[in-house]
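In: 3D model of this:
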Amino acid sequence: MRSKKARIRIACISAFCLAVALVGPRISDAGAQARIVSSYVSGNPGSGIFRYMKVIGPSDQASSEKNSDSFARRVESLSTDDTYINALGSALSTQLLSFLSNPGASSAYIDDVTGSELAVLNQDLINNGYDGSYRDIVTKVRFTLPAGTLPSGVNRMDSALFYLEQAISRYPTLCCLFTMGSYDNVNNTLTVYSPVPKSELSNTISTYQQTLEDMLKVIRDNGSNMSDAEKVLYLHDQVVAITEYSVSRSEVYSRDYIPAATLIYNLSVCQSYAAALNQALRSAGLTSYVLYSNSHAWVAVRVGGSWYYVDPTYDDSKVYGQSSDMVKHNYVLVGNNADESFVASHTLSTEYAPHFTEITNSLGGAADSFFPSQINIKNITSQMSYANRGFYYADNNIIYKWSRTNNQRETLSGFPTASSRRVAALDSFVYISGTDGLYKMDPGSSSATRIATESITGMYEAARKLYVSKGGAYNIYLNQSSPVGTPSPAQTLSPYSTPLPSGYTPMPVTSATPGSTASAVPTSTSRIPTVPPYPTATIYDPTVVSPLPTGYTPGPTSSAYPDSGNFTTPAKTSISKLSNSATRAAFVKWKKVKGATRYQVQYSPSKSFNTKQIRVSMTSSVTIANLFKNKTYYFRVRAVKIKRVNGVIAYKYAPWSAKKKLKIKK
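Out: Here you go, the predicted model:
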């Protein structure tokens, strides 16, 4: 995945302590509970209750996978998997909404995570090689599974986790659930943790569902005029635009991993990106799945009879400190023509490979044929917005429209020369921004009106909100989103591939006139409306988390966003050790740099780093897996310092270290 992705995998851990916490006398000493749990880990737990967690994020830390390979690995068909994924997702959705509306009538039970229980959970992580502590796990939901919800051979949490992950990434109602839980196969109960407080679950689910529907409105209104590839492109750009990759927090904040992180908190990691996009694609009538490697999560979608990969995290540049409207298109519909670097980071994990052979064996070829031949979509680094049966976008400060109808790209003329050009569509109008102001254009008549004269350096649209920047934070300029209502019943959701609702008639769309261009921008000040004020957007503050459970005191942690002192560029580091530490893996160690927030490790089979991957580490070493045997790789490292400045995340990068090379011999 992009530089900030690496997998943390926590092994199968006995959850005996959870049984004590739920049904038996409490052990007041958290350390005593942890010792009991640890003693069960080292033995042969057999069947029963087990805790297991999988998170995908930027911290590259090794952890064992005790017992994770002990259950039979069967090659399942997608149709068979779908049966169980839908059964589990439907059961969890129905029970969760039932509890929120009428707790006494639900088969689920929601409770707070106590301070002592959270301490035990974090001690379990430490005991199993994980050096972070989750401060924000505050809720647990215990579901009662109907008979036959999971395959008969699934009697442990590690084997049930696949179906839980797929259900969370498919059902919007489950947007608050974290991929950490316990499965009691004797009583057929599944307990799942969440960073969202019990009191906020209902509103968070409602907000998430409505945001997803707002994101889908363009497809609901124009679905009959959009190809499947165009739907994928549109939703990809919506997801990339709406969120920012979480930096230097992911090892301690479970909030970053849940689907709500992308659509509500707008700060997430690949696991959340992929889940939100997958839900959007399936709600739009496409067939898609979230896939996992050992260090990354992405989406596979079926288009034109073949499977393609879509990786919104790789296409999100904001982690590098670039503007929030930077949307890349290198990884939209990637087929079997992908370069080896992409293939190496998108090789399915041992848990996922048996389930998705139908996908990996049926990847399509180059997807260029889906888009007009006269453009190279990979060169476009701004959001592409859909209106008037075509996509509008800015490239090198020139405004374009291209349409599948005539497979042509048109240049929109009549606008003054300006920099920072961006284009966004909202409610049948196209907005063009730049250092010369903001324009509103009716794409049907191609007439444009200047509605703001001040310099605008950035703009994007997501979920029917138009965001603009005048050089700093992005604020909401227009908000056409729908009000949040009550969570919908699980039966009315679109959790898997379905056509548009029965009886649904898309709004009439005005046909584009081929070759039409925008009229010259009016110069009369009488036609320039008063510029509306910039309402303050709700900016998600990474330093603010859910209240800690009563009685829990987290250990000391270093601040990722220092609020005082000089913000200086960190010093240059150097690689002190580079070895082929394991099969197809490289171990890299470097000198620590004072004041560094984190480190980036760049590696490539090319000494000029033409094709490259970046890993992030919070410590001074990292192990990079899934490399190619008998191939030479080049490595270099740099320190990064991060600080919040006036609500905006700022970055300082040290120079890269001298590069070193390593041949992978085993």
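In: from the middle of its chain, how far away would stretch 356-367 be?
Out: 22 Å (C-alpha atoms, centre = their mean, to the nearest Å).
In: that stretch: end-to-end distance?
Out: 21 Å (C-alpha to C-alpha, to the nearest Å).
In: what sits up against it?
Out: With C-beta atoms under 8 Å, 6 or more residues apart in numbering as the test, stretch 356-367 has contacts from 75, 77-78, 229, 289, 291, 300, 303-309, 332-337, 348, 353. Backbone N, C-alpha and C define where each C-beta goes, glycine included.
In: just checking: what are the partner strands of the strand or helix carrying residue 386?
Out: Using DSSP states H and E, residue 386 falls within strand 385-387. Strand pairing for strand 385-387, using DSSP bridges, gives strand 390-395 (antiparallel).
In: what's the first helix or strand after the partner strand?
Out: strand 398-403.
In: and that next one, which strands flank it?
Out: Assessed with DSSP bridges, strand 398-403 is paired to strand 390-395 (antiparallel), strand 408-411 (antiparallel).
In: please state the offset of the first one from the chain centre?
Out: What it means is strand 390-395. 24 Å.
In: hey, C-alpha coordinates of it in PDB?
Out: Extracted C-alpha coordinates of strand 390-395, given in PDB (Å, rounded to 0.1, in the frame of the first residue of the first chain):
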ATOM      1  CA  GLY A 390     -19.900  13.700 -18.300                       C
ATOM      2  CA  PHE A 391     -16.900  14.200 -16.000                       C
ATOM      3  CA  TYR A 392     -15.500  17.700 -15.400                       C
ATOM      4  CA  TYR A 393     -12.000  18.100 -14.100                       C
ATOM      5  CA  ALA A 394      -9.000  20.400 -14.100                       C
ATOM      6  CA  ASP A 395      -5.600  19.400 -15.500                       C
END
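In: what's in contact with that strand?
Out: In contact with strand 390-395 (C-beta under 8 Å, 6+ apart) are residues 230, 233-234, 379-386, 399-405, 412, 421-423, 425, 430, 432, 443, 512.
In: one more pass at 7 Å, please.
Out: 379-380, 382-385, 400-403, 421-423, 425, 430, 512 (C-beta atoms under 7 Å, 6 or more residues apart in numbering).
In: sorry, back to before: quick check on the contacts of stretch 356-367: which are buried?
Out: For those, a burial check counting by 16 or more other C-beta atoms under 10 Å picks out 78, 229, 289, 291, 300, 303, 306-309, 332-336, 348, 353.
In: next step: the contacts of stretch 356-367 restricted to helices.
Out: Counting by DSSP state H, those place 78, 229 in helices.
In: what about the contacts of stretch 356-367, which are in strands?
Out: 289, 291, 300, 303, 306-309 (DSSP state E).
In: returning to that earlier point: tell me the most packed of the contacts of strand 390-395, by neighbour count.
Out: The most crowded member of these, judged by other C-beta atoms under 10 Å, is residue 423 (29 neighbours).
In: how about that residue, secondary structure?
Out: When classified by DSSP: H, G, I helix; E, B strand; the rest coil, residue 423 comes out as strand.
In: could you tell me which residues make contact with it?
Out: When contacts are counted by C-beta under 7 Å, 6+ apart, residue 423 touches 385, 392-394, 399, 430, 432.
In: helices of the stretch 351-500 of the chain, start to end?
Out: Along the stretch 351-500 of the chain, counting by DSSP state H, counting those that start in this stretch, helices occupy 357-360.
In: sketch out the low-pLDDT regions of it for me.
Out: 368, 485-500 (pLDDT under 70).
In: equivalent analysis for the chain, please.
Out: Where the chain drops to pLDDT under 70, the residues are 1-76, 125-132, 247-252, 317-324, 368, 485-566, 610-613, 626, 644-650.
In: and the residue sitting nearest the centre point of it, which of the three is it?
Out: Closest residue to the average C-alpha location of the chain: residue 273 at 1.6 Å, with C-alpha atoms, centre = their mean. What three-state DSSP gives for residue 273 is helix.
In: ok, it touching residue 311?
Out: No: if you go by C-beta atoms under 7 Å, residue 273 and residue 311 don't touch, sitting 8.4 Å apart.
In: can you give me the helices for this structure?
Out: 16-23, 30-41, 78-101, 115-127, 157-168, 201-222, 228-242, 260, 270-283, 340-345, 357-360.
In: can you put those in JSON lines and add distance to residue 367?
Out: Putting the helices of the chain into JSON lines (distance: least, C-beta to C-beta, whole Å) gives the following:
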{"stretch": "helix 16-23", "distance to residue 367": "46"}
{"stretch": "helix 30-41", "distance to residue 367": "45"}
{"stretch": "helix 78-101", "distance to residue 367": "21"}
{"stretch": "helix 115-127", "distance to residue 367": "40"}
{"stretch": "helix 157-168", "distance to residue 367": "24"}
{"stretch": "helix 201-222", "distance to residue 367": "19"}
{"stretch": "helix 228-242", "distance to residue 367": "7"}
{"stretch": "helix 260", "distance to residue 367": "30"}
{"stretch": "helix 270-283", "distance to residue 367": "15"}
{"stretch": "helix 340-345", "distance to residue 367": "13"}
{"stretch": "helix 357-360", "distance to residue 367": "15"}
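In: nearest to residue 315, out of those?
Out: When the helices of the chain are compared by C-beta to C-beta, helix 228-242 sits nearest residue 315, at 5.3 Å.
In: who are the packing partners of that closest one?
Out: Packing partners of helix 228-242 (3 or more C-beta pairs under 7 Å, 6 or more residues apart in numbering; DSSP states H and E): helix 201-222, helix 270-283, strand 297-303, strand 458-462.
In: quick one: buried residues of the first one?
Out: Pointing back at helix 201-222 there. 201-202, 204-219, 221-222.
In: got the CA positions of it in PDB?
Out: The C-alpha coordinates for helix 201-222 follow below in PDB (Å, rounded to 0.1, in the frame of the first residue of the first chain):
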ATOM      1  CA  LEU A 201     -24.200   4.800  18.400                       C
ATOM      2  CA  SER A 202     -27.700   5.600  17.000                       C
ATOM      3  CA  ASN A 203     -26.700   9.100  15.800                       C
ATOM      4  CA  THR A 204     -23.400   7.900  14.300                       C
ATOM      5  CA  ILE A 205     -25.200   5.200  12.300                       C
ATOM      6  CA  SER A 206     -27.800   7.600  11.100                       C
ATOM      7  CA  THR A 207     -25.200  10.200  10.000                       C
ATOM      8  CA  TYR A 208     -23.100   7.500   8.300                       C
ATOM      9  CA  GLN A 209     -26.100   6.100   6.400                       C
ATOM     10  CA  GLN A 210     -27.200   9.600   5.300                       C
ATOM     11  CA  THR A 211     -23.600  10.500   4.200                       C
ATOM     12  CA  LEU A 212     -23.400   7.400   2.200                       C
ATOM     13  CA  GLU A 213     -26.800   8.200   0.500                       C
ATOM     14  CA  ASP A 214     -25.600  11.700  -0.200                       C
ATOM     15  CA  MET A 215     -22.500  10.300  -1.800                       C
ATOM     16  CA  LEU A 216     -24.700   8.100  -4.000                       C
ATOM     17  CA  LYS A 217     -27.200  10.700  -5.100                       C
ATOM     18  CA  VAL A 218     -25.400  11.400  -8.400                       C
ATOM     19  CA  ILE A 219     -25.500   7.700  -9.300                       C
ATOM     20  CA  ARG A 220     -29.200   7.500  -8.100                       C
ATOM     21  CA  ASP A 221     -30.000  10.400 -10.400                       C
ATOM     22  CA  ASN A 222     -27.800   9.500 -13.400                       C
END
